[in-house]
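Enquirer: Only the shape, not the letters, is given here:
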């Protein structure tokens, strides 16, 4: 649990994307250059931060947070790999006791957030080495070579003035009235950090679950849709309280569903299991119709056939046995067939009950209600 830190923004401006020169296709270096004008003229927002990011880890968290906000707003998908978000980094170091930052070096050509982290880590070490060996740093632009994991000099800016902004004489400056900004603020949806705080407060989620569930707007929407179905169901059909259900639902999304989506490279919006059906599955577990173990079998089928869990449970007769006389009979059989485990239990080895529970589950084909089995066995064995 790190500390919160505010990174101030120097400016945000809009510009038009330029064309770019292509010097290689894939890993093949060309002996000529191609001109790619596909993105020329596309609106681009550039955001420049103050020099307040103090490590590659902070840079990583900052970019993740920024990406998340822009995605939530629906402004861009922000995939660095697809060029929908780009990032250049300026790195400078200084001795611990010195206020002023050293010579600034700009790094370009990073196409993933982890690439940004690695490039910063490499560049910090490179600059330390230069200074430690008595060398001087020059203000320059370097390229990040991801395959080699190093930065290479691209062009020196020693004599060049930093980019300067010139006001466009034909464009009249205009001020945005506060009322206009306030109006826009009202339209901004709940952003990831606020949503995460609300998930923890209202649904009793752990920080880990809330992190995952608000990691993209699609996942957060899916979760809340599922919760709304849960709220609409008659509260009396749910044993326990709403928070238990909310936590269980979060768990199913962040573990079972997430694992399946990752394996098949599917995004949650296209998940074969609808939020409504996942809620039904969780309700079946909570009201004791099926056990957690049976639920996993049902979930497999739900994922493969986009099926309704209630129908699967009905068709396959997967309802767990909760009537006491039936379970009592199976428990008595299991006790009489496990003299060794019974003796161990009675001599104080409480863990020995596990073997008897296992036998009951086997005899009932996994359908006996586990809470009931434990209750009955303990009553019988302690009698």
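Expert: Structure received. As the structure is a prediction and not an experimental result, all values here were calculated from the model.

Enquirer: Sketch out the low-pLDDT regions of this protein for me.
Expert: 1-2, 155-165, 233-240, 318-323 (pLDDT under 70).

Enquirer: Packing partners of the longest helix anywhere in it?
Expert: In the chain, ranked by residue count with DSSP state H as the criterion, the top helix is helix 113-132. Under the contact definition 3 or more Cβ pairs under 8 Å, 6 or more residues apart in numbering; DSSP states H and E, helix 113-132 sits against helix 56-72, strand 87-91, strand 105-110, strand 140-145, strand 150-156. All C-beta spots, glycine's among them, are computed from the backbone N, C-alpha and C.

Enquirer: Neighbouring strands - and their directions - for the fourth one?
Expert: What that stands for is strand 140-145. Sheet pairing for strand 140-145, assigned by DSSP bridges, gives strand 105-110 (parallel), strand 150-156 (antiparallel).

Enquirer: Pull out the buried positions in the next helix-or-strand element following the longest one.
Expert: Think strand 150-156. Using DSSP states H and E, the helix or strand that follows strand 150-156 in sequence is helix 178-187. Buried residues in helix 178-187, defined by neighbour count with 16 or more other Cβ atoms under 10 Å: none.

Enquirer: from here on, count from 50
Expert: In the new count, where the first residue is 50, that last one comes out as helix 227-236.

Enquirer: For residue 96, which three-state class applies?
Expert: Three-state call for residue 96 (DSSP: H, G, I helix; E, B strand; the rest coil): strand.

Enquirer: list the contacts for it?
Expert: Contact partners of residue 96, counting by Cβ atoms under 8 Å, 6 or more residues apart in numbering, are 58, 60, 61, 115.

Enquirer: Just the closest of these to residue 145, please.
Expert: Checking the contacts of residue 96 against residue 145 with Cβ to Cβ, the nearest one is residue 58 at 26.5 Å.

Enquirer: my guess is that closest one meets residue 95, correct?
Expert: No: between residue 58 and residue 95 there is no contact under Cβ atoms under 8 Å: 10.9 Å.

Enquirer: Tell me where the chain has strands.
Expert: 58-65, 69-74, 77-85, 92-98, 136-140, 154-159, 189-194, 199-205 (DSSP state E).

Enquirer: Could I get the strands paired with strand 189-194 in TSV, plus columns for mean neighbour count and distance to residue 302?
Expert: Shown next, in TSV, are the strands paired with strand 189-194 (neighbours: other Cβ atoms under 10 Å; distance: least, Cβ to Cβ, whole Å):
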stretch	mean neighbour count	distance to residue 302
strand 154-159	20	32
strand 199-205	14	40
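
Enquirer: any idea how far the nearest residue to residue 247 once chain neighbours are set aside is from residue 55?
Expert: The spatial neighbour of residue 247 that comes closest, neighbours along the chain excluded (Cβ to Cβ, 6 or more residues apart in numbering), is residue 239 at 7.5 Å. Using Cβ to Cβ, to the nearest Å, residue 239 is found at 20 Å from residue 55.
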